[in-house]
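Novice: How does the following fold in three dimensions:
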Amino acid sequence: MNFEEEFLVALRSKSSFIYVISDEEDRVEYIIRKLMRDPLQRIIYTWDFVNGFNDSNSNNQLRRNPLDALFKLETLLPETPCLLILKDYSRFLQELNVNRQLRNLLPILRRQPKNLVVLNPTNELPNQLADIFIVLELPKPSRLEISLELLRLSKLFKKPVDEEYFDNLVNAALGLSLEKIRQVFCKSLISGNNFNQKTLNFIFQEKQALVNQNGFIEFCQSSINFEQIGGLESIKKWVNLRKLNFSEQALNYGLPYPKGVLLVGVQGTGKSMIAKALANDWRLPLFKLDLGRLFGGIVGESESRVRKMIETTESLSPCILWIDEIDKSFQFINQGGDSGTTNRVLSTLLTWLGEKQSSVFIVATANNLQALQLELIRKGRFDEIFFLDLPTYEERKTVFRVHLKAFRPETWKFYDVDLFSSNTNNFSGAEIRQVIIEAMYYAFNQKRDFTNQDILLQIKNTVPLSKLNSQIIGDLQNWVRSGRIRSAS
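Specialist: Alright, predicted model coming up:
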């Protein structure tokens with residue numbers, strides 16, 4: 001059931017007291033007033049601590065008296081169908097006199113068509129009142145609500161919505177309040193933009209502000225696309241098949257939300273770039289999780305932070321959550337010394353990865369697969385596990401072309417990528433890029449452009465990391481050959 005249906009059920013089941021959790025007062029009141037007009041046809045009164053009641057007949061002395069405000073329901077005629085919305089009232093529920101008056105009201109309201117609604121951004125209902133209140137939570141605006149608001153503003157401002165951006169704009173706005181959505185859309189339109197990529201950027205900036213309120217999730221702005229990543233064709237095809245996974249069409253088709261992907265490989269093979277390019281390609285905000293910051297010094301703090309991280313991330317979905325070098329956070333899990341905190345954090349994270357139904361796509365990266373727990377890498381946590389091996393000869397040619405095009409877009413064809421690729425066996429993509437940069441430094445100091453010989457010189461002077469990690473790389477390659485990990489190439 002949606003919120004409207006749950007609210008009607010609560011009223012019709014003689015639930016006299018309803019506690020609504022939402023930080024969108026106007027939206028809650030609009031929904032309730034709409035329900036009270038049709039089908040229930042009840043009079044609505046509202047009260048807040050500053051203005052008191054919204055009707056002119058109320059005594060001004062009741063304005064700031066939370067106890068006397070409850071007498072409003074008693075003074076109304078018994079046969080008058082009505083509903084009282086109390087704002088700024090949650091803090092008074094702890095007071096003994098208010099608590100007692102609510103219990104005294106309960107048998108009276110059960111015999112009359114009257115209801116009381118307490119509206120608050122968070123659940124602060126005292127335990128002693130939990131048995132007489134029905135607690136409902138208004139979720140953030142749905143796709144339908146955002147779509148209708150998008151069309152309304154498009155018509156109002158006479159700004160068409162680019163068809164290719166409609167679903168992306170709706171997806172990006174999920175997790176924001178309706179008022180915030182209006183502000184962002186209007187801000188973009190007033191700045192002279194149509195509903196396009198610039199509007200998406202405005203939404204991402206708003207979500208960035210929300211994320212900055214905690215210290216363990218970071219918003220990452222990405223301009224990298226898959227054309228800038230050489231090789232890795234297998235994972236590119238896999239990603240492209242899931243590009244529309246968060247669209248309305250995919251939901252109507254019955255496709256479940258994808259869980260995520262685990263990228264394993266030696267450093268410099270493009271794992272981080274895949275995460276950034278994925279966010280750019282799917283037009284979703286990218287958030288980077290710092291697992292180290294989840295661990296607090298106070299007992300129970302780490303577990304609380306994990307739950308807060310999950311709550312924050314899901315409230316901003318659909319999005320991509322990037323967990324970088326996840327192996328380093330859990331490689332000492334069996335060595336003890338932290339009173340089981342790491343085990344409990346991992347357990348909470350694993351439960352979420354396996355059971356989450358939200359549109360949060362996880363991109364986890366790891367350098368050492370052997371350091372990961374089997375519970376983390378089994379099927380069900382991630383949709384797929386990819387191994388990013390050192391680039392092959394053909395892939396190295398592609399990597400050289402990509403970086404040379406970026407540094408020398410007009411003259412890149414004059415460089416001998418075949419020769420470079422032949423001399424960079426076991427080089428990673430990051431090392432190939434650094435070779436070009438070192439050649440540029442060398443030539444810059446001689447006040448000339450870099451040449452083939454400069455690049456070959458830097459190749460000769462570079463010791464690839466693969467020579468230091470040959471055993472680990474060999475073990476990972478054996479996993480690929482055994483079929484337990486899928487190759488990204």
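Novice: What is the burial count for the residue nearest to residue 16 when sequence neighbours are not counted?
Specialist: Excluding its sequence neighbours, the residue lying closest to residue 16 (Cβ to Cβ, 6 or more residues apart in numbering) is residue 109, at 3.9 Å. C-beta here means a position set from N, CA and C on the backbone, and glycine is covered the same way. Residues within reach of residue 109, counting by other Cβ atoms under 10 Å, total 19.
Novice: same deal with the one 3 residues further on?
Specialist: Here the number of neighbours of residue 112 (other Cβ under 10 Å) works out to 17.
Novice: That one is in contact with residue 78, isn't it?
Specialist: Yes: counting by Cβ atoms under 8 Å, residue 78 is a contact partner of residue 112 at 5.0 Å.
Novice: Stretch 356-373: which residues count as buried?
Specialist: By 16 or more other Cβ atoms under 10 Å, the buried positions in stretch 356-373 come out as 356, 358-369, 371-372.
Novice: Hmm, I typed the wrong one, I wanted stretch 440-459.
Specialist: Across stretch 440-459, burial judged by 16+ other Cβ under 10 Å covers 440, 442, 443, 450, 454, 455, 456, 457, 458, 459.
Novice: Just to be sure, the third one is in a helix?
Specialist: Translated: residue 443. Yes: the assignment for residue 443 by DSSP: H, G, I helix; E, B strand; the rest coil puts it in a helix.
Novice: and the residue lying closest to it once chain neighbours are set aside, what does it touch?
Specialist: On the basis of Cβ to Cβ, 6+ apart, the spatially nearest residue to residue 443 that is not a chain neighbour turns out to be residue 450, at 3.7 Å. The contact partners of residue 450, taken as Cβ atoms under 8 Å, 6 or more residues apart in numbering, are 436, 439, 440, 442, 443, 444.
Novice: Next, find the distance separating residue 450 from residue 429.
Specialist: Distance of residue 450 to residue 429, computed by Cβ to Cβ, to the nearest Å: 19 Å.
Novice: With residue 164 instead?
Specialist: Noted for residue 164: a distance of 31 Å to residue 429, by Cβ to Cβ.
Novice: same thing with residue 140?
Specialist: 39 Å.
Novice: can you map out the strands along the stretch 101-250 of the chain?
Specialist: Taking DSSP state E, counting those that start in this stretch to define them, one finds strands in the stretch 101-250 of the chain at 114-120, 133-137, 217-220.
Novice: contacts for the second one?
Specialist: Outside strand 133-137, the residues within contact range by Cβ under 8 Å, 6+ apart are 3, 6-7, 10, 15, 17-22, 118, 123, 125.
Novice: Just the buried residues of those residues.
Specialist: Among the contacts of strand 133-137, those scoring as buried are 3, 7, 10, 15, 17, 18, 19, 20, 21, 22, 118, 125 (criterion: 16+ other Cβ under 10 Å).
Novice: and which of those is nearest residue 254?
Specialist: Each of the buried ones among the contacts of strand 133-137 was scored against residue 254 by Cβ to Cβ, and residue 3 proved nearest at 24.1 Å.
Novice: can you pull the contacts of the residue lying closest to that closest one once chain neighbours are set aside?
Specialist: In space, and not counting its chain neighbours, residue 3 is closest to residue 138: 5.1 Å by Cβ to Cβ, 6+ apart. Shown in contact with residue 138 (Cβ under 8 Å, 6+ apart): 3, 20, 21, 22, 24, 27, 28, 31.
Novice: And the helix or strand containing the second one, what does it pack against?
Specialist: Following DSSP states H and E, one finds residue 20 within strand 17-21. Using 3 or more Cβ pairs under 8 Å, 6 or more residues apart in numbering; DSSP states H and E as the contact criterion, the elements in contact with strand 17-21 are helix 3-12, helix 96-110, strand 114-120, strand 133-137.
Novice: just the CA coordinates of the last one, formatted as PDB?
Specialist: As requested, C-alpha coordinates have been extracted for strand 133-137 and formatted as PDB (Å, rounded to 0.1, in the frame of the first residue of the first chain):
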ATOM      1  CA  PHE A 133      -0.400   5.800  18.000                       C
ATOM      2  CA  ILE A 134      -0.200   4.400  14.500                       C
ATOM      3  CA  VAL A 135       3.100   5.400  12.900                       C
ATOM      4  CA  LEU A 136       3.200   6.200   9.200                       C
ATOM      5  CA  GLU A 137       6.100   7.400   7.100                       C
END
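Novice: Cheers, nothing more for now.
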